[in-house]
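Participant: sequence plus the predicted model coming up.
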Amino acid sequence: MLYYSYKYLILRKTMKMKLHHTLALLALVIMSSCSNESTSDLIDVPFVENVTYTNNIKPIIDANCLGCHSSPTANDAPMPLTTYQNVKEFVQNDKIIDRVSRSQGQSGMMPLGGTRLPQPVIDLIIKWKQQGLQE
């Protein structure tokens, strides 16, 4: 009987050590995969006093929307966003702001099939609207 108790204690101690080693390894993997050393995924939108279409909004639209909202449109996009007048109209009625403000993966989120625009970029579009949609 004493032999089985001793064997049980050794087995229990071995399993406990394996569990500790596994947890330590898991913690190491998790900690090493989380890093803030890269700034490549961050976006820096400098403060803009007067937001204009030409200087601030057009580059955002060109880089993120014209893949579908060109003229003619692609991927069943309902309207082009190729001119100041096009963009102004759809910002005035909040269609663009609504679509780019949706959560990643939410139905209707734009850009279609892409990642959600960074909040500072969305805020710049909102500021443009608040300032009167200057060209």
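Facilitator: Yep, it's here. Numbering: from 1, shown residues only.
Participant: in what helix or strand does the residue nearest the centre of the chain lie?
Facilitator: The centroid of the chain falls nearest to Arg116 when counting by CA atoms, centre = their mean (4.4 Å). Per DSSP states H and E: Arg116 is located in neither a helix nor a strand.
Participant: residues near the closest residue to it other than its chain neighbours, how many?
Facilitator: Nearest residue to Arg116 in three dimensions, chain neighbours excluded: Gln104, at 4.6 Å (CB to CB, 6 or more residues apart in numbering). To be clear about C-beta, it is placed using only N, CA and C from the backbone, and glycine gets the same treatment. Using other CB atoms under 10 Å, Gln104 has 8 other residues around it.
Participant: Gln104 contacts Pro118, doesn't it?
Facilitator: No: if you go by CB atoms under 8 Å, Gln104 and Pro118 don't touch, sitting 11.4 Å apart.
Participant: ok, the closest residue to Ile96 other than its chain neighbours - contacts?
Facilitator: Spatial nearest neighbour of Ile96, chain neighbours left out: Phe90 (4.8 Å); criterion: CB to CB, 6+ apart. If you count contacts by CB atoms under 8 Å, 6 or more residues apart in numbering, Phe90 has them with 79, 81, 96.
Participant: which ones among the residues you listed lie within strands?
Facilitator: Of these, none are assigned to strands by DSSP state E.
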